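1. One predicted model, sequence on top.
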Amino acid sequence: PNRQFEAAFRVIQSGEWGQYDGFYLMEGDSVPVKNYWLDVILGEINEYRPFAVLGAQYDGDKWDAFYEQIPISLLHHTNGNG
């Protein structure tokens with residue numbers, strides 16, 4: 001998933017598809033469960049700008065048994081959407 005984000009970012013950054021100051025990437029296995037979910041995201045973008053990356057970090061407990069062994073890059077992985 002991090003490579004997908006990086007590849008999408010590089011395409012947007014290249015200007016190949018036009019000039020943009022930001023983009024939203026939703027991972028293929030993410031499914032919106034609330035009505036008006038995109039409106040909520042747009043509201044958060046307006047509330048928290050400027051930022052480089054905005055999104056939720058993993059907050060579950062499945063990593064507890066090996067948390068100390070997880071590299072920093074994964075600990076700060078944006079969960080599902082970026």
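-> Sure, I can see it.

2. what residues does the helix or strand of the chain with the lowest mean pLDDT touch?
-> In the chain, the helix or strand scored least confidently by mean pLDDT, DSSP states H and E is helix 72-75, which has a mean of 78. Outside helix 72-75, the residues within contact range by Cβ atoms under 8 Å, 6 or more residues apart in numbering are 2, 57. C-beta coordinates here come from the backbone N, C-alpha and C atoms, glycine included.

3. What residues sit buried inside it?
-> In terms of neighbour count (16 or more other Cβ atoms under 10 Å), helix 72-75 has no buried residues at all.

4. just stretch 52-72 next, same as before
-> Buried residues in stretch 52-72, counted by 16+ other Cβ under 10 Å: 54-55.

5. which phi and psi does the residue lying farthest from the centre of the chain have?
-> Largest separation from the mean C-alpha position in the chain: residue 65, at 25.1 Å (Cα atoms, centre = their mean). Backbone torsions for residue 65, taken as degrees, to the nearest 10, come to phi -70, psi -20.

6. re earlier: using PDB, list the CA coordinates for the least confident helix or strand of the chain.
-> Coordinates of each C-alpha in helix 72-75 appear next as PDB, following Å, rounded to 0.1, in the frame of the first residue of the first chain:
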ATOM      1  CA  ILE A  72       9.100   2.900  12.700                       C
ATOM      2  CA  SER A  73       8.000   3.200   9.000                       C
ATOM      3  CA  LEU A  74       5.200   0.700   9.700                       C
ATOM      4  CA  LEU A  75       4.300   2.100  13.100                       C
END
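
7. Show the average pLDDT along stretch 21-37.
-> Throughout stretch 21-37, pLDDT has a mean value of 85.

8. Same question for it: list its buried residues.
-> Buried, per 16+ other Cβ under 10 Å, within stretch 21-37: residue 25.

9. can you give me the end-to-end distance of it?
-> 21 Å (Cα to Cα, to the nearest Å).

10. Same question for stretch 59-72.
-> Termini of stretch 59-72 sit 15 Å apart (Cα to Cα).

11. circling back to that earlier point, quick check: pLDDT value at the residue farthest from the centre of the chain.
-> 90.
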